[in-house]
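Student: the sequence and its predicted three-dimensional model are supplied below.
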Amino acid sequence: MSDVVKRAWLLSDAPTSRSQAAWGRRYRLWCDFSSNGLAMTGLVIVVLLVLCAVAAPLLAPYDPTLQELANRLSVPTAAHWLGTDELGRDVLSRLLFGARVTLGMVIAVVVTVAPFGLAVGCVAGYYGGWADTILMRVTDVFLAFPRLILALAFVAAIHPGVTSAVIAIALTTWPPYARLARAETLTIRSADFIAAVRLTGASSGRIILRHIAPLCLGSLIVRVTLDMSAIILFAASLGFLGMGAQPPSPEWGTMIATARRFFLDQWWVPLMPGLAIFVASLAFNLLGDGLRDVLDPKQR
Amino acid sequence: MNGRNGRLAGTAASLLLTLFGLVFVTFFIGRVMPIDPLIAILGDHAPEDVMARTRVELGLDQPLVVQFGLYVWRLLHGDLGRSVMSSNLVTQDIARYFPATIELATVAIIVATLIGVPLGVLAAVRQGSVIDKVIRVVCLAGHSIPIFLLALLSLLIFYATLDWAPGTGRADVAFEGMNPVVTGFLTIDTAWAGDWDAFYDAWAHLAQPAGVLAYFSMAFIARMTRAFMLDALAGEYIITARAKGLSALRVIWRHAFGNIAVRLITVLALTYAGLLEGAVVTETVFSWPGLGQYLTVSLLNADMNAVLGATLVVGLIYMALNLFADAAYKMFDPRVR
């Protein structure tokens, strides 16, 4: 099928099948999205980041743990593009492997938080009454906490490290998702098609899982993308304060924490991971902004 | 019960519940986590009998429910325990460190508001123009840059390279403790004492951390102002006002801005609450002797009484600001009344 025919099929005003309509809608969203330069920049950087993380062992010029003590704190050179750190380890290699830690933490938080918030919000919104009151009060309690400080106290009480950092971030990140899913559910709950499904004898569980949750996904995805940048900063802050990933892990925030004391003389050593955090977080912000314009135009 | 009292009761109930939640979570973190409070206090080489005696003294031999009751009882009497590190009462420590944080956050939010609000209005009025795009990028950068990187860069540029600003800390050693503590805010106390050298020094030390925090919150304030203004400018009453021949300035500031002011107050209250948090990282970089630094130093020394006390205090203020934001919205905006 040539491109022109494909495009006509996608943009047809009278789709002949359900899948044609669905793909047509996706294509139109993609056209909207790809016309936004900033959003595309964000997408490209995010894709590159993921590739770097996945292919870190292939891309990294050195072993990230290899110490070369004779060549400590070196300026960027042809051999070490981004210089070396206080133990003579190659900063570029460490940043590439650090992308794995950072993205891994972000993904771990998102896959725990989004389904949980979605479940709480849908159940509260669908059933209403007591379930709603109790679930939303609990959500409000968690929303009223200062996030970073609660996470710090939590991590300090268990044990500083990647796992506890992920748990702490997840604990303080889920409430907005529950709020969002509940609000969406409330607008869908009384729709005619839900009444129709109920008349055919579908159980509440089936209605929530098959008919309500999928419709909440759009705004949830936007929120998740925008939140990813906040999670990256959150994880880096924990690392920077010594409560996240522990050295010698090449987590970006931790790298800055250990290199901080050289900042006034060898400023490029902590600056490189700092820029990595900035670029990653900016990319997710750009992507999220673009997605919101496309998927959720009301909020523009 | 009429509607107003009912709503008040509802607000009070949810407030109490949130308060209870905050106390419960700090208790939970402090006592139920897999860390033995005895080892934290005595170390793991203490003799058996000392261990046993301390266990009884702290009420750790009681069931958890009783322990929780004890914890709440002590809190109600203003007892947050003693800091292992400074061996002061945690409440004393907090009273000493807190003014520095308030001073920092207050100056930051004032600067952020004075810059952020006009920028947001400008972006909305010139929607889609180059100015709007520049402001958008500046704000996005503010959302994306880790605050400790900004703080380190500021030190590198303004202190180490240009030598415009003094280094870290709150005052030069020469002025340390020279003036009597009246309010705890150095910028006010020094003026009170008429020590203008120290006054200048206090502001110079404040400039960098406050500037870093201000940029961080300015980004959020400008973004929200822009969104609110776009909303307001699309209203039909704006078209009417323009059609009546009112000047652009009057339409923008009196008619549109007047309508978003209440929502802005809410945003400002939430931003201020966020600043108290943002201060944790900033204070660490600038060695600013505030609550945030107290918290991180206590964290690294596993001084849990101090950590939980500070967490509780910040949580309370955070809650109070949230409540204030909510109340302001309900009081001044007739549409949600």
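Tutor: Good, I have the coordinates.
Student: which stretches of the stretch 1-150 of chain A have low pLDDT?
Tutor: Under the criterion pLDDT under 70, the flagged ranges of the stretch 1-150 of chain A are A:1.
Student: residues from it in reach of chain B?
Tutor: Residues of the stretch 1-150 of chain A found near chain B, taking Cβ under 8 Å from any Cβ of the partner chain as the criterion, are A:137, A:138, A:140, A:141, A:142, A:144, A:145, A:146, A:147, A:148, A:149, A:150. The C-beta positions use only the backbone N, C-alpha and C, and glycine is treated the same way.
Student: again, only using 6 Å
Tutor: Within the stretch 1-150 of chain A, the positions adjacent to chain B are A:137, A:141, A:144, A:145, A:146, A:148, A:149 by Cβ under 6 Å from any Cβ of the partner chain.
Student: any of those residues buried? List them.
Tutor: Neighbour-count burial (16 or more other Cβ atoms under 10 Å in any protein chain shown) is assigned, among the residues of the stretch 1-150 of chain A next to chain B, to A:141, A:144, A:145, A:146, A:148, A:149.
Student: which of the residues you listed fall within helices?
Tutor: Secondary structure defined by DSSP state H assigns A:141, A:148, A:149 of these to helices.
Student: count the neighbours of residue B:6 for me.
Tutor: As a burial measure, the neighbour count of residue B:6 was computed by other Cβ atoms under 10 Å in any protein chain shown and equals 10.
Student: equivalent analysis for the one 3 residues further on, please.
Tutor: Taking other Cβ under 10 Å as the criterion, the count of residues near residue B:9 is 11.
Student: OK, contacts around it?
Tutor: For residue B:9, the set of contacting residues under the criterion of Cβ atoms under 6 Å, 6 or more residues apart in numbering or on different chains is empty.
Student: which strand or helix spans it?
Tutor: In this structure, residue B:9 is located in helix B:3-27 according to DSSP states H and E.
Student: pull out the buried positions in that helix.
Tutor: Counting neighbours by 16+ other Cβ under 10 Å, the buried set in helix B:3-27 is B:14, B:15, B:18, B:21, B:22, B:23, B:25, B:26, B:27.
Student: close to chain B: what parts of the stretch 151-300 of chain A are there?
Tutor: Within the stretch 151-300 of chain A, the positions adjacent to chain B are A:152-154, A:156-158, A:229, A:233, A:236-237, A:240-241, A:263-264, A:267, A:274, A:277-278, A:281-282, A:285 by Cβ under 6 Å from any Cβ.
Student: give me that answer again for 7 Å
Tutor: Proximity of the stretch 151-300 of chain A to chain B, by Cβ under 7 Å from any Cβ of the partner chain, involves residues A:152-154, A:156-158, A:229, A:233, A:236-237, A:240-243, A:256, A:263-264, A:267, A:270, A:274, A:277-278, A:281-282, A:285-286.
Student: any of these buried? List them.
Tutor: When neighbours are counted using 16+ other Cβ under 10 Å, those contain these buried positions: A:152-154, A:156-158, A:229, A:233, A:236-237, A:240-243, A:256, A:263, A:267, A:270, A:274, A:277-278, A:281-282, A:285-286.
Student: restricted to strands, list the residues you listed.
Tutor: The members of those all map outside strands under DSSP state E.
Student: so which of these belong to helices?
Tutor: With helices identified by DSSP H, the entries of these that belong to them are A:152-154, A:156-157, A:229, A:233, A:236-237, A:240, A:256, A:270, A:274, A:277-278, A:281-282, A:285-286.
Student: from residue A:294, how far off is residue A:25?
Tutor: Spatial separation of residue A:25 from residue A:294 under the definition Cβ to Cβ, to the nearest Å is 11 Å.
Student: who has more neighbours out of these two?
Tutor: The neighbour comparison of residue A:25 against residue A:294 (other Cβ under 10 Å) goes to residue A:294, with 20 against 12.
Student: doesn't residue A:31 make contact with the more buried one?
Tutor: No: using Cβ atoms under 7 Å, residue A:294 makes no contact with residue A:31, being 9.4 Å away.
Student: which strands or helices does the helix or strand containing residue B:329 pack on?
Tutor: Element membership of residue B:329, judged by DSSP H and E, is helix B:304-332. Counting contacts by 3 or more Cβ pairs under 7 Å, 6 or more residues apart in numbering or on different chains; DSSP states H and E, the secondary-structure elements packed against helix B:304-332 are helix A:147-157, helix B:3-27, helix B:90-125, helix B:257-286, helix B:291-300.
Student: relative to residue B:202, which of those helices is closest?
Tutor: If you check each of the helices and strands packed on helix B:304-332 against residue B:202 by Cβ to Cβ, helix B:90-125 wins as the nearest, at 8.9 Å.
Student: the helix or strand just after the closest one - contacts with which helices or strands?
Tutor: Past helix B:90-125, further along toward the C-terminus, the next helix or strand under DSSP H and E is helix B:130-144. Secondary structure elements in contact with helix B:130-144, counted by 3+ Cβ pairs under 7 Å, 6+ apart, are helix A:268-295, helix B:90-125, helix B:196-233.
Student: the shortest one vs helix B:130-144, what angle?
Tutor: Put plainly, it is helix A:268-295. With axes from the mean of the first three to the mean of the last three Cα atoms, to 10 degrees as the basis, helix A:268-295 and helix B:130-144 are set at 120 degrees to each other.
Student: and if you look at the second one?
Tutor: For helix B:90-125 against helix B:130-144, the angle between stretch directions is 160 degrees (the same axes, to 10 degrees).
Student: quick one: buried residues of helix B:90-125?
Tutor: Within helix B:90-125, the residues that qualify as buried are B:90-91, B:93-94, B:96-105, B:107-109, B:111-113, B:115-117, B:119-125, counting by 16+ other Cβ under 10 Å.
Student: pull out the buried residues from the helix holding residue B:329.
Tutor: Judged by neighbour count using 16+ other Cβ under 10 Å, the buried positions of helix B:304-332 are B:304-315, B:317-319, B:321-326, B:328-329.
Student: stretch A:203-215 now?
Tutor: A:207, A:208, A:211, A:212, A:213.
Student: remind me which helix or strand the closest residue to the third one other than its chain neighbours belongs to.
Tutor: Beyond its immediate neighbours in the sequence, the residue positioned closest to residue A:211 (Cβ to Cβ, 6 or more residues apart in numbering or on different chains) is residue A:197, lying 5.8 Å away. Residue A:197 belongs to helix A:192-199 when elements are defined using DSSP H and E.
Student: what does that helix rub up against?
Tutor: Residues external to helix A:192-199 that are found in contact with it (Cβ atoms under 7 Å, 6 or more residues apart in numbering or on different chains): A:188, A:207, A:211.
Student: chain center to it, what's the gap?
Tutor: Per Cα atoms, centre = their mean, to the nearest Å, the displacement of helix A:192-199 from the mean C-alpha position of its chain is 34 Å.
Student: hmm, back to that, make CSV out of the buried residues of stretch A:203-215 and add secondary structure.
Tutor: Compiled in CSV, the buried residues of stretch A:203-215 are given as follows (DSSP: H, G, I helix; E, B strand; the rest coil):
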residue, secondary structure
A:207, helix
A:208, helix
A:211, helix
A:212, helix
A:213, helix
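Student: adding pLDDT, write those residues out as CSV.
Tutor: Formatted as CSV, the entries for these read as follows, by pLDDT from 0 to 100:
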residue, pLDDT
A:207, 89
A:208, 87
A:211, 87
A:212, 87
A:213, 87
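Student: check the chain and tell me which residue is nearest its centre.
Tutor: This is for chain A. Using Cα atoms, centre = their mean, the residue of chain A that lies closest to the mean C-alpha position is residue A:228, 2.9 Å off.
Student: if you could check chain B rather than the one you did, that'd help
Tutor: residue B:276 (1.6 Å).
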